[in-house]
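Q: Test case, fold it:
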Amino acid sequence: MNPKVHNQVVSYIWSIADDVLRDVFVRGKYRDIILPFTVLRRLDVLLVPTKQAVLDANAFLIEQEIDDKTALENYSGYGFWNISKYTFESLMGDSDNIDSNLEDYLDGFSPNVQEIISKFKLRNQLETMKEAGATYLLIEKLCNKEINLGSNEAKNSKGEVLPPLTNLGMGYVFEELIRKFNEDNNEEAGEHFTPREIIKLMTHILFTPVKEKISKGTYLIYDPACGSGGMLTESENFALGVTNSSKANFELYGQEVNPETYAICTSDMLIKGEKSENIVYGSTLSKDGFEHLHFDFMLSNPPYGKTWKIDEDAIVDDRGKKGKEVIKDSRFQVGLPSISDGQLLFLMNMVSKMKLDTKLGSRIATVHNGSALFTGDAGGGESEIRKHIIENDWLECIIALPKNIFYNTGIPTYIWIVSNRKEPKRKGKVQLINAMD
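A: Residues are numbered from 1 along each chain as shown. Next comes the predicted model:
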């Protein structure tokens with residue numbers, strides 16, 4: 001996507017918050033309106049061309065007393081639909097009833113979009129919007145012809161052509177909005193946003209060395225802390241680019257504990273025609289969403305320096321009590337890190353999902369801070385995890401990244417490359433790369 005266009009879209013959407021929501025919501029609540037309505041406007045633009053076909057098909061289903069509406073996918077052209085008579089633009093045709101009509105519009109979405117709306121908790125905000133009389137202005141701003149949130153070219157009020165916003169470009173917009181909202185609220189932007197430069201580096205290292213070994217078939221890509229889905233999207237795009245896309249197919253899988261970013265990731269998968277059910281909501285550590293699956297490629301930027309206390313009961317009984325501790329989850333039998341930092345648990349989750357019976361095996365690229373490398377006494381959980389990976393000769397490389405490459409933090413970060421199918425020349429060795437300068 002053209003960075004200039006990307007920045008223009010982000011700036012415009014960002015400006016809506018101050019123009020429409022000031023004095024209606026406290027500043028920290030702006031994201032609760034802007035993010036879900038941006039998602040809905042994107043879905044709305046995509047569905048407009050097939051709107052009448054969907055309405056006609058739905059009328060037929062009602063006439064035939066058929067309750068299952070999944071056939072509407074064939075008419076909408078996507079894995080979702082809306083059977084309300086309204087669109088964003090037609091909502092503005094009845095300003096006196098726009099709030100009730102908006103609710104009718106929301107109710108018309110397919111179940112998978114209903115889940116997205118639910119995770120955003122959007123309906124909780126509608127009464128406040130109604131009381132402030134802000135709904136019409138918000139819809140009007142999002143329908144402004146000076147920006148194009150559609151996947152096809154459009155013309156602005158001057159007749160100038162606005163380039164389409166690709167699915168990848170839409171992902172950039174969402175990630176940048178999240179980053180700006182986090183910074184505005186003095187939150188940690190890096191918790192939800194991995195710089196695209198880092199993602200590109202990880203995907204290059206993950207796929208390039210084995211591109212000739214990727215043969216015809218389906219390969220599974222997994223991110224256990226997928227956020228808004230940026231890593232999954234970039235990895236698939238890169239994999240298709242370096243391999244002959246006609247011979248290989250890639251399926252995306254992810255899990256996310258934050259409801260807001262889960263909703264954005266799920267909507268992104270729906271728009272791209274991916275299987276949205278492959279994105280699971282909940283904590284990867286306490287409730288493995290893919291208990292019986294193994295993956296060909298895994299990449300992640302898990303939270304570091306974050307406690308796993310909330311997951312403790314699902315993982316271990318009597319933690320730290322000598323002779324009594326029982327680790328219940330087989331993924332973590334090697335050892336448990338300090339309760340204050342669960343990043344190595346995410347790594348062991350991925351290690352447990354490596355394929356053992358394929359020629360390619362599995363490759364992992366994951367970002368950690370220095371704690372994953374250096375903390376823990378001999379015989380402690382962190383040390384035992386590192387020992388397990390090194391003694392199995394799975395650790396291929398560690399890359400020290402430049403300082404300040406992550407937003408709002410200057411802490412040292414490192415990419416770990418893990419593989420259970422090392423090249424012969426790499427066996428028994430670990431490559432260390434200093435890219436800090």
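Q: for the lowest-mean-pLDDT helix or strand in the chain, packing partners?
A: In the chain, no helix or strand scores lower on mean pLDDT, DSSP states H and E than helix 167-184, which sits at a mean of 83. Secondary-structure packing of helix 167-184 (3 or more C-beta pairs under 8 Å, 6 or more residues apart in numbering; DSSP states H and E): helix 3-16, helix 30-47, helix 230-242, helix 259-272. C-beta: built from backbone N, CA, C; applies to glycine.
Q: For that helix, buried residues please.
A: 167, 169-182 (16 or more other C-beta atoms under 10 Å).
Q: before we move on, back to that, of all the helices and strands packed on helix 167-184, which lies closest to Glu382?
A: helix 230-242 (24.3 Å; C-beta to C-beta).
Q: The helix or strand just after the closest one pairs with which strands?
A: With elements assigned by DSSP states H and E, the helix or strand that comes after helix 230-242 is strand 248-256. Here strand 248-256 is paired, per DSSP bridges, with strand 217-223 (parallel), strand 279-281 (parallel).
Q: and strand 248-256, average pLDDT?
A: Average pLDDT, strand 248-256: 95.
Q: Quick check: buried residues in it?
A: Buried-residue list, strand 248-256, by 16+ other C-beta under 10 Å: Ala248, Phe250, Leu252, Tyr253, Gly254, Gln255, Glu256.
Q: still on that earlier bit, make a markdown table from the strands paired with strand 248-256 and add distance to Met231, mean neighbour count and mean pLDDT to it.
A: Supplementary listing: those in a markdown table, determined by distance: least, C-beta to C-beta, whole Å; neighbours: other C-beta atoms under 10 Å; pLDDT from 0 to 100:
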| stretch | distance to Met231 | mean neighbour count | mean pLDDT |
| --- | --- | --- | --- |
| strand 217-223 | 5 | 20 | 96 |
| strand 279-281 | 12 | 20 | 97 |
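Q: Which one of those lies nearest to Lys306?
A: Per C-beta to C-beta, nearest to Lys306 of the strands paired with strand 248-256: strand 217-223, 16.7 Å.
Q: pLDDT weak spots in the stretch 201-350 of the chain?
A: Along the stretch 201-350 of the chain, the model assigns pLDDT under 70 to residues 244-246.
Q: if we can go back for a sec, can you tell me which of the buried residues of helix 167-184 comes closest to Ile98?
A: Nearest member of those to Ile98, counting by C-beta to C-beta, is Leu177, at 24.0 Å.
Q: isn't the closest one right next to Thr38, touching?
A: Yes: at 7.1 Å, Leu177 counts as touching Thr38 under the criterion of C-beta atoms under 8 Å.
Q: residues shared between the contacts of the two?
A: Ile13 (C-beta atoms under 8 Å, 6 or more residues apart in numbering).
Q: can you give me the strands for the stretch 301-437 of the chain?
A: Taking DSSP state E, counting those that start in this stretch to define them, one finds strands in the stretch 301-437 of the chain at 316-317, 326-327, 363-369, 395-400, 413-419, 431-434.
Q: TSV for those, including mean neighbour count and distance to Ile139?
A: Shown next, in TSV, are these (neighbours: other C-beta atoms under 10 Å; distance: least, C-beta to C-beta, whole Å):
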stretch	mean neighbour count	distance to Ile139
strand 316-317	16	50
strand 326-327	12	52
strand 363-369	24	39
strand 395-400	19	46
strand 413-419	22	41
strand 431-434	11	50
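Q: Mind putting those into JSON lines with distance to Asp96?
A: Below are the strands of the stretch 301-437 of the chain laid out as JSON lines (distance: least, C-beta to C-beta, whole Å):
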{"stretch": "strand 316-317", "distance to Asp96": "59"}
{"stretch": "strand 326-327", "distance to Asp96": "62"}
{"stretch": "strand 363-369", "distance to Asp96": "52"}
{"stretch": "strand 395-400", "distance to Asp96": "60"}
{"stretch": "strand 413-419", "distance to Asp96": "54"}
{"stretch": "strand 431-434", "distance to Asp96": "64"}
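Q: Tyr222: which of these is closest?
A: Of these, nearest to Tyr222 by C-beta to C-beta is strand 363-369, at 9.3 Å.
Q: Need the residues that contact that closest one.
A: If you take C-beta under 8 Å, 6+ apart as the criterion, strand 363-369 is touched by 194, 198, 202-203, 205-207, 210, 296-302, 304-305, 343-344, 346-347, 350-351, 354, 401, 411-419, 421.
Q: Just give the closest residue to Pro225, not the sequence neighbours.
A: You called it Pro, but residue 225 is Ala. Pro302 (4.5 Å; C-beta to C-beta, 6 or more residues apart in numbering).
Q: how much space between that neighbour and Tyr414?
A: 13 Å (C-beta to C-beta, to the nearest Å).
Q: go on, Leu91?
A: 49 Å.
Q: Let me know whether Ile34 touches Tyr12 as I believe.
A: No: when contacts are counted by C-beta under 8 Å, Ile34 is not listed as touching Tyr12 (11.2 Å).
Q: Farthest from the middle of the protein: give me that residue.
A: Distance from the C-alpha centroid of the chain, by C-alpha atoms, centre = their mean, peaks at Gly323 (40.4 Å).
Q: Residue ranges of each domain in the protein, please.
A: Here the domain assignment for the chain is 3-175, 188-434, based on automatic domain parsing.
Q: residue contacts, the closest residue to Lys309 other than its chain neighbours?
A: Leaving aside its chain neighbours, Lys309 sits nearest to Ile339 (5.6 Å; criterion: C-beta to C-beta, 6+ apart). For Ile339, the contacting residues are Thr307, Trp308, Lys309, Glu312, Arg319, by C-beta under 8 Å, 6+ apart.
Q: Over to Ala225?
A: By C-beta under 8 Å, 6+ apart, Ala225 lies in contact with Gln255, Glu256, Val257, Thr284, Ser300, Asn301, Pro302, Pro303, Phe346.
Q: Please report phi then psi for it.
A: Backbone torsions of Ala225, given as degrees, to the nearest 10, read phi -140, psi 70.
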